[in-house]
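Colleague: Any chance you could fold what I've pasted below:
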Amino acid sequence: MKEDKKEKPVEIILSQPSSRDLRGRQSVRATFKLTEKAIETMSAVSVHLGIKQKSLFDHLIDDLESLERIALQMGSVSRDLSSRMQKTYVLSRRTLSCLDRAAKEYSASRNALVEFSIQRLQPVIAKEKERHAERKKLLSRLDDFLDTAEKILMGAEQTLGPGDPVYDQLEKAMMGMVSTRDDIAAFIEKGKVIENF
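Modeller: Purely as a prediction, here's the structure:
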């Protein structure tokens with residue numbers, strides 16, 4: 001009788017997270033004075049792409065090199081503070097720390113750094129507007145196609161009758177296409193937020 005040899009578990013060595021790294025991922029609230037356009041941009045990109053605003057902030061601001069370039073390009077640009085609105089966002093502690101460090105190091109306004117960082121989303125919005133317009137055209141073509149398919153199905157019903165295997169397959173295909181069309185239309189409706197940019 002053979003003895004079952006127990007396999008030794010494979011030991012995987014991974015780097016251990018530090019408490020500093022973990023604290024850096026904590027969510028904090030920060031209030032900025034931003035233009036209405038910047039606030040709308042964050043909202044539109046978030047809704048349209050299905051990305052949380054916190055993730056957008058982390059992507060845009062948690063990059064000291066980009067903040068440095070923005071601060072240097074800003075120079076002494078002054079903005080009319082009266083046209084700005086206060087807006088509170090949730091972002092990671094690490095992102096806020098990065099923003100504070102850049103503002104201090106380059107004697108730049110946190111609000112201006114955030115405003116200019118959000119402007120980096122403009123090419124994304126421009127591209128998404130183009131894609132949204134193309135999706136609307138495709139939906140229109142799909143609607144035309146479904147009108148034709150509906151006529152084919154009605155003809156099959158008259159000539160073959162319900163219960164015929166070919167008619168049943170056509171009906172099943174039609175139901176699938178209508179469901180797909182409705183999903184596409186819902187996605188396009190959600191994307192209408194991008195049309196105003």
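
Colleague: Show me what the strand or helix carrying Thr41 packs onto, helices and strands only.
Modeller: Assigned by DSSP states H and E, Thr41 belongs to helix 36-49. Judged by 3 or more C-beta pairs under 8 Å, 6 or more residues apart in numbering; DSSP states H and E, helix 36-49 is in contact with helix 53-61, strand 84-92, helix 110-119, helix 122-159. To be clear about C-beta, it is placed using only N, CA and C from the backbone, and glycine gets the same treatment.

Colleague: Provide the angle between the direction of the longest one and the direction of helix 36-49.
Modeller: Using axes from the mean of the first three to the mean of the last three C-alpha atoms, to 10 degrees, the inter-axis angle of helix 122-159 relative to helix 36-49 is 40 degrees.

Colleague: mean confidence for helix 122-159?
Modeller: The average of the pLDDT scores along helix 122-159 is 94.

Colleague: next one: stretch 96-104
Modeller: 91.

Colleague: residues of that stretch that come out buried?
Modeller: For stretch 96-104, burial by neighbour count (16 or more other C-beta atoms under 10 Å) applies to 96, 98-99, 102-103.

Colleague: Any chance you could list what contacts it?
Modeller: 24, 28, 30, 61-64, 67-68, 71, 108-110, 113-114 (C-beta atoms under 8 Å, 6 or more residues apart in numbering).

Colleague: cutoff 6 Å now
Modeller: 28, 30, 61-62, 64, 67, 110, 113 (C-beta atoms under 6 Å, 6 or more residues apart in numbering).

Colleague: Distance check, the residue most central in space within the chain against Leu56.
Modeller: Ranked by distance to the mean C-alpha position of the chain (C-alpha atoms, centre = their mean), the top residue is Leu49 at 2.5 Å. Between Leu49 and Leu56 the computed distance is 9 Å (C-beta to C-beta, to the nearest Å).

Colleague: thinking again about what came up before, using a markdown table, lay out the helices and strands packed on helix 36-49 together with distance to Met175.
Modeller: Shown next, in a markdown table, are the helices and strands packed on helix 36-49 (distance: least, C-beta to C-beta, whole Å):
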| stretch | distance to Met175 |
| --- | --- |
| helix 53-61 | 37 |
| strand 84-92 | 42 |
| helix 110-119 | 44 |
| helix 122-159 | 10 |
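
Colleague: No more questions from me, cheers.
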